[in-house]
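J.: Make a model of this:
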Amino acid sequence: MSKYKFIISGKRGPVSWIKGFTLIEILVALAVAGVLSGTAIVAVNNVHESTRVSKLEADVVTINSAIGVYTLNGGTLTNTTSPQAILDQLKTSADATSTANLTGLKGAMVDRRLSTDMQADSEAAGSQTRAVWDATSQRFVITSSGAAGVKKFVFNDALASVNPGTETRTPTIKAGDNWVWKYADVAAKDPLNLITGSETGTGTGTPPTVTAPTAPTPLQLNPPTFSQPAGSQALINYDLSLTLSNPNPNGTSQIFYIDPAGSGDFSLYTGQTISVAVGQSVPAYAYTSDPDHWLTSSTQSNTYTATPVDLSVSVNIASSSLTYAQAGGAMTSGSPVTPTPATIVFNSTSQIPSKYFTPSKFPIYYTTDGTSPLTGGTAESPFSSSFSVAFTYANWGSASTLTISAAARSNDTTMFTASQAISASIGITSTFLSSPSIDPASGQKATDLPVSVLLATGQTYPVGARIYYTIDGTDPGNNGGEPIRGTQYTGTSFNSGAGVNNVVVVMARAYGPVGYGKWFTPSSPAVATYSIITLASGALVGGASLNGTFVGSLVYATPASGVMGNIAFNSGAQIIGNLYLPGTPTVKLSNGTIWSTANDSLFSSVIQGWEYNSSGVKTVQTTPRVIDETGSATPVYTLQFNNNALVQGKVIRRHTAPAFPTISAPPSPDSSGSTSLNSHPTTAISASQYSSVTLNSSAVGDVSLN
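T.: Model (predicted):
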């Protein structure tokens, strides 16, 4: 305490004294000097956000100290709420009346130029750090939410010439007329008559009760300063590297914090870097080391979030349209093709740290059936920035386009926003098919001559190509690559029938495989027009061999027993027509070669394959030489052609011959004689005269027996 020397005088006059500065006055003066000098740092502008926040926090500490000195020296801010109004009040001086009673500082507490740079509404809506006035604690506090506040404290040179004026200040401790300290709440007393008593200094009162001055209220420490402001940041910045700093005077406090990767308890901060993941919070406070003058700060808890990344994908295809062969469909010639797969690319890789690049956060789905990948489909695995989607013609199904869609879903909406479903379509390029060939070609044709329809030689067709035909002259048609009418050709020749007025028109088209007709344009119709001719019915015989020449078709019938004996056409035997046979005989040459479709040409010397007109004249030679009708496949036996045997027409198997007529048995012969006919007989031959008759080649024509 300062030394005050006073002298009690008696009748010589009033008390006189010598005054010096009190210790409190000196300390207050030093504090204000520090405040005034500290405000100089407000002039630093245009700095990085983290530096701005650090500066703002330091400025708040300085200004709050000025407020403490101001209120200690009689000032009051009870009715002031505007940050600029508070600064303006700190710039005032005590008026004349207040100056007479103040024992401490009576002038301005801050520089006249001190001003505020307030947040705009858009800045206040975010999490930008600001300083706001707390009317309860009568101090500025740092926050990152709520109403708009001070973005920074600045110097405005225009205010240097503005007179802030004076105000009335009411201190707790007043300067008295006779006492160094005079208290506003205690009436002045002279119980011992020390001042107004007798000359001897004796009084009649009791010693005064003096109340000790109230000690200054300890100031609250400011929370630690964070190197990273709270709120949302770009995801790519994570994990954040965070450090803490102490904005309070040296030696006043230590920082305690909770490491988000730790146990959850507060621990002493010693300058280490703190790693912060998305969504984590870091609480920290300044713990007082001088509780007589400083109170522990409030806990500042910064929460760090991410601005969600808008996920994006794209679908790339090599071609917007493919043919059946290009889409992998098998063709009758050429090597199979594997179509170039589609590529799905994830476009947001650069915005995402590798730590969060995982399908648990945002899986990528794709579909090939036109459905949305946001609700269904196949998830890509393993996960990558791009991947291929293979497909073949089968993926088109019944559609005319293949739609490949992809989307990145969000399993964590705090980090990611799902992409839109992106699609790319692949159409169909139709392939034109060549017309099939019809055998026999247009011309005259016997009614019983079968017709075959084959894919054209030397042309390329899809494996599984189909042929549809009609025999009434109508076009099988085209309905989206499919036939409208007709019969599918299965590889077995068919009987065209007699047609209308002995005219038959066969039409046939080639189509794509079943289910894939849309990939092809059916061929133009192949047309064959036949004028039907009818051969003489010829002879109806049983199991008989032939040595000579027979003019007309020779029809074999199955015996009543159902057993057909082997038939041999001996050297020199000829049939000037077709040979009709029941069942399925094995047709072979004398050297043992058995006929088949594959070796049909080997039988050209014995089966010529001619067709005949209605006059029995040969018109056209066609293959195959052996034809099967639709009759019974039994009996099974052997038909052998020996050297120089010949059938000018065709051998027709599985023919259903008319039944032998039922005739009465001839009378028993009265002779066992026999005869040979070398010429055509002019009269009937009596069965009773001969038991056997041999017809040689010159005996041509009908022979009558009686």
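J.: and for the helix or strand containing Gln84, what are the contacting residues?
T.: Taking DSSP states H and E as the criterion, Gln84 maps to helix 83-90. Under the contact criterion CB atoms under 8 Å, 6 or more residues apart in numbering, helix 83-90 has outside partners 63, 66-67, 70, 75, 77, 80, 108-110, 114-116, 118, 131-133, 140, 149-150, 164, 167. Using the backbone N, CA and C atoms, a C-beta is placed for each residue, glycine as well.
J.: tell me how far that helix is from the chain's mean position?
T.: 59 Å (CA atoms, centre = their mean, to the nearest Å).
J.: For the helix or strand just after it, name the packing helices and strands.
T.: Remark: after helix 83-90, the chain's next helix or strand is strand 93-94, criterion DSSP H and E. Counting contacts by 3 or more CB pairs under 8 Å, 6 or more residues apart in numbering; DSSP states H and E, strand 93-94 packs against strand 166-167.
J.: Neighbouring strands of the strand it packs on in the sheet, and parallel or not?
T.: With DSSP bridges as the test, strand 166-167 is paired with strand 93-94 (parallel).
J.: List the buried residues for the helix holding Gln84?
T.: Going by neighbour count (16 or more other CB atoms under 10 Å), the buried part of helix 83-90 is 83, 86-90.
J.: How about stretch 265-279?
T.: Buried residues in stretch 265-279 (16+ other CB under 10 Å): 266, 269, 274, 276, 278.
J.: Same list, the residues you listed, but as a markdown table with pLDDT, secondary structure and distance to Leu56 please.
T.: A markdown table is the format used below for those (pLDDT from 0 to 100; DSSP: H, G, I helix; E, B strand; the rest coil; distance: CB to CB, whole Å):
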| residue | pLDDT | secondary structure | distance to Leu56 |
| --- | --- | --- | --- |
| Phe266 | 93 | strand | 25 |
| Tyr269 | 96 | coil | 21 |
| Ile274 | 97 | strand | 21 |
| Val276 | 96 | strand | 21 |
| Val278 | 94 | coil | 26 |
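J.: which of those residues lies closest to Val587?
T.: Closest approach between the buried residues of stretch 265-279 and Val587, by CB to CB: Val278, at 87.1 Å.
J.: May I have the beta-bridge partners of Arg653?
T.: In beta-bridge terms (that is, DSSP bridges), Arg653 pairs with Asp628.
J.: That one and Ala418, how far apart?
T.: Distance of Arg653 to Ala418, computed by CB to CB, to the nearest Å: 71 Å.
J.: Looking only at neighbour counts, state which of these two leads.
T.: Using other CB atoms under 10 Å as the criterion, Arg653 and Ala418 rank with Arg653 on top: 21 against 16.
J.: Which of the residues in the helix or strand where Asp59 lies are classified as buried?
T.: If you go by DSSP H and E, Asp59 is part of helix 49-72. Residues of helix 49-72 classed as buried by neighbour count (16+ other CB under 10 Å): 52-72.
J.: what does stretch 372-390 give?
T.: Residues of stretch 372-390 classed as buried: 373-374, 377, 380, 383, 387, 389 (neighbour count, 16+ other CB under 10 Å).
J.: Tell me the one among those residues nearest to Leu295.
T.: Proximity of the buried residues of stretch 372-390 to Leu295 (CB to CB) peaks at Phe383, which lies at 52.9 Å.
J.: so what's that closest one scoring on pLDDT?
T.: Phe383 is assigned 76 on the pLDDT scale.
J.: What of Asn178?
T.: 45.
J.: Kindly report the same for Asn237.
T.: 94.
J.: Sort out which of the contacts of helix 83-90 are buried, if you could.
T.: 63, 66-67, 70, 75, 77, 80, 108-110, 114-116, 118, 131-133, 140, 149-150, 164.
J.: mind listing which of those residues are in helices?
T.: Judged by DSSP state H, helices contain the following of these: 63, 66-67, 70.
J.: Output those residues as JSON lines; include the columns distance to Phe569.
T.: Conversion of these to JSON lines gives the following (distance: CB to CB, whole Å):
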{"residue": "Ile63", "distance to Phe569": "131"}
{"residue": "Ala66", "distance to Phe569": "136"}
{"residue": "Ile67", "distance to Phe569": "135"}
{"residue": "Tyr70", "distance to Phe569": "140"}
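J.: Could you single out the nearest of those residues to Thr340?
T.: Out of these, the member with the shortest distance to Thr340 (by CB to CB) is Ile63, at 69.9 Å.
J.: and the nearest residue to that closest one once chain neighbours are set aside, bridged to which residues?
T.: Nearest non-adjacent residue to Ile63, counting by CB to CB, 6 or more residues apart in numbering: Phe140, 6.0 Å away. In this entry, Phe140 is beta-bridged to Trp133, by DSSP bridges.
J.: list the contacts for Phe140?
T.: 60, 63-64, 67, 83, 131-134, 150.
J.: again, only using 6 Å
T.: 60, 63-64, 131, 133 (CB atoms under 6 Å, 6 or more residues apart in numbering).
J.: With distance to Thr97 as added columns, please give those in TSV.
T.: Shown next, in TSV, are the contacts of Phe140 (distance: CB to CB, whole Å):
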residue	distance to Thr97
Val60	32
Ile63	27
Asn64	28
Ala131	33
Trp133	28
